[in-house]
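Engineer: pasting the sequence and the predicted coordinates here, then a few questions.
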Amino acid sequence: MRRLALAIAIGVLAATGALVVSPQGAKAVAVQAKVVIVVGATQGATDSYRSDADAAAAVFAKYTSNITKVYSPNATWSAVAAAAKGANILVYLGHGSGYPDPYVGYEQPNSDNGMGLNASAANTNNNLKYYGENYMAQLGLAPDAVVILNHLCYASGDNEWGQGLPTLAVAQQRVDGYASGFLRGGAKAVIAEGVSGLSSYIDGLFTSHSTIDALWKSAPDFNNHVSSWPSTRNAGFTSAIDPNLDHPAPDGDVYYRSMVAVPGLSTDDVISGQTSPFASQSGTYYPIAPTRVVDTRGNGIGPVGSLTSGGAYTFQIAGDDGVPSIAIAVTANLTVTGQSARGWVYVAPTIDSTPTASTINFPTADNRANGVTVALSPQGTISAWYGAAAGATTQLIVDVTGYFLADSSGAGYAPYGPYRILDTRDGTGLSGAFQAGVPRKIQVAGVAGLPDSGIVAVTGTLTVVRPTVKGYVYVGPTARTSPTSSTINFPAGDIRANNVTVPVNSDGTVAADYAAPSGSVNLVLDISGYFTATGGALYHTLVPTRMLDTRTSMGGIIGPLAASSPVTLQVTSNGGVPTGALAIAANLTATGQTAGGFAAVGPTINASTPFSNLNFPYGDCRADGLTVPLASDGTAQLIYVAPGGNTAQLILDVGGYYQ
């Protein structure tokens, strides 16, 4: 039984379900920090834990009326996830399932390091199901939130009751692991109190005006045996334990207090942090060399841990790795890898419910990339949703290539083409295929009507044509023989395209490198616009909105599209794009195609137009981002190019516009 037998019951008869507690007494203040208290399914101990939770709620009520209780037998994952959105303080009392444990020799991210909740509502306190760190990462807590874990096994480093004293190394691994999912879900501090009550923490959060570290060390059960270390699972966080070396438990265990937090986090930060609603903003562009800011596989880049299907995960982008804290949007390359089931990922500034749009579609066992322009939330984050069969997981990588600020000092956008400036198959731009490990420069400035100077970045589509060996291509302002980020990933023999927004070197070139153990690949680059240091249009952010879906006649086009027959879509005055917009940043998806081919979007287009946005074989649902100029009347044309008699469905999701 994965709970602490030392739980101390305090309080009175507990209520079940979700309810709001009113403030009591003269100490109630105007601050309305959101508090969520969860009691999991803990068999015969549930009444005791509900009593403890009610006692904590009574203390919270001195300071805020915004208190929600989610108690067993109604503490299902769906109820907890809905209640926790935007919470400043989350308290959980119940069973803990951590790692390392005596049962399984490997970590289980879908069940370890989280909460033991009700498998179904209104059943009993015995219908226990563990929801691990991959679920906790979907909580969507408020900025600077704190999580308090009370009476759990493993969370503070301890063993289950009666199993003796773990080693220090095991205790530290448990503390780091147990905090990781909650930190990915938005928390800036996770405190585990195995035995004692919570009143000192609650009073201190609202009245001490101190750091979280000082609050933790001022608790009545502070043992003054603190050991701290940089968190191994959570970059930028510090972990600490405070073992009770002077008075071990009867079984010898001493690890009942721990904390993982951002150094310097204050109690005032916790109770005042609020999630602001998204609002469209406009600004100019600042390119940067491609920089990896998220890699859920680890490698010391961002939060660690795969995405589980059916929930939203939030990643901090602004304020890290060269992206200013005030950035309103970024251009980036999104890569999925290690997916256990086919599906799709949707990326947006915020996600509050199951998305109706997508960003990248993929089968299993295929690394897929998509270049995106995505707005950031007011907190500088993006959210990602993995849509797939229940329990499926995938890894996510984000490489940022530039950012937008709400100012007029950066680069503005100028529509162009689209026009092909590179095709190594016929000698356009460069002759001969790229060889693995041999970077080459591509001339941009002064080519095909592009300005001779003043270009700081370009937008377009990069296509790889039948690589002889699987690998990836990196495109950036300068050559890298061993790239640390990627632009497009592919197997051998495929034709695959990806949207790019790439900084241009001061000599007017960009560089590309084919990263593979051997082999060659032909590259094609179509340019659809550029950012200029003087003048140009501003970018206006939007939450991604579906504008066209030929499967449902959304957008006024009744599908599927016949091969080689262009159709016209009214873009302006649709999906938040106003009259006068010059170009859009969007995502194009092809599905249901009866034959392999390619799709293209432009202000005007026909079957012989020499550019493309998306290449695909038969039976593979594929997506690609794009930045595309509009015609003077605010329309764009789309085409599916394939042998006559074939058809395909096209979907277009718009995420912003230039004006």
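Structural biologist: Alright, I've got the coordinates. What you see is a predicted model, and the numbers here were worked out from it, not measured in a lab. Residues are numbered from 1 along each chain as shown.
Engineer: going by C-alpha atoms from here, please, whenever you check contacts or count neighbours.
Structural biologist: Noted.
Engineer: what about L396, distance to P303?
Structural biologist: 10 Å (C-alpha to C-alpha, to the nearest Å).
Engineer: shared neighbours of those two, anything?
Structural biologist: Residues touching both L396 and P303 (C-alpha atoms under 8 Å, 6 or more residues apart in numbering): 294-296.
Engineer: before we move on, the earlier item: look at L396 and P303 and report which has more neighbours.
Structural biologist: For L396 and P303, the more surrounded residue by other C-alpha atoms under 10 Å is P303, and the numbers stand at 26 against 23.
Engineer: mind listing what that one touches?
Structural biologist: P303 neighbours (C-alpha under 8 Å, 6+ apart): 180, 184, 233-235, 294-296, 315.
Engineer: which among the residues you listed count as buried?
Structural biologist: Neighbour-count burial (16 or more other C-alpha atoms under 10 Å) is assigned, among these, to 180, 184, 233-234, 294-296, 315.
Engineer: what helix or strand is T589 located in?
Structural biologist: strand 583-591 (DSSP states H and E).
Engineer: who does that strand pair up with?
Structural biologist: strand 622-629 (antiparallel), strand 647-658 (antiparallel) (DSSP bridges).
Engineer: all helices of the chain, in order?
Structural biologist: 46-60, 77-84, 133-136, 168-184, 199-207, 212-217, 267-272 (DSSP state H).
Engineer: only alpha carbons, please: show the fourth one as PDB.
Structural biologist: The C-alpha coordinates for helix 168-184 follow below in PDB (Å, rounded to 0.1, in the frame of the first residue of the first chain):
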ATOM      1  CA  LEU A 168      20.700   8.500  -0.200                       C
ATOM      2  CA  ALA A 169      21.200   8.000  -4.000                       C
ATOM      3  CA  VAL A 170      17.800   6.300  -4.300                       C
ATOM      4  CA  ALA A 171      16.100   9.000  -2.100                       C
ATOM      5  CA  GLN A 172      17.600  11.700  -4.400                       C
ATOM      6  CA  GLN A 173      16.500   9.900  -7.500                       C
ATOM      7  CA  ARG A 174      12.900   9.600  -6.200                       C
ATOM      8  CA  VAL A 175      12.700  13.300  -5.200                       C
ATOM      9  CA  ASP A 176      13.900  14.500  -8.600                       C
ATOM     10  CA  GLY A 177      11.600  12.000 -10.400                       C
ATOM     11  CA  TYR A 178       8.500  12.700  -8.400                       C
ATOM     12  CA  ALA A 179       8.800  16.500  -9.000                       C
ATOM     13  CA  SER A 180       9.400  16.300 -12.700                       C
ATOM     14  CA  GLY A 181       5.800  15.800 -14.000                       C
ATOM     15  CA  PHE A 182       4.400  18.600 -11.800                       C
ATOM     16  CA  LEU A 183       7.200  21.000 -12.900                       C
ATOM     17  CA  ARG A 184       6.400  20.100 -16.500                       C
END
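Engineer: list the buried residues in it.
Structural biologist: Buried residues in helix 168-184 (16+ other C-alpha under 10 Å): 170-184.
Engineer: if we can go back for a sec, just the shared contacts of L396 and P303: which are in strands?
Structural biologist: Mapping those onto strands (DSSP state E) picks out 294-295.
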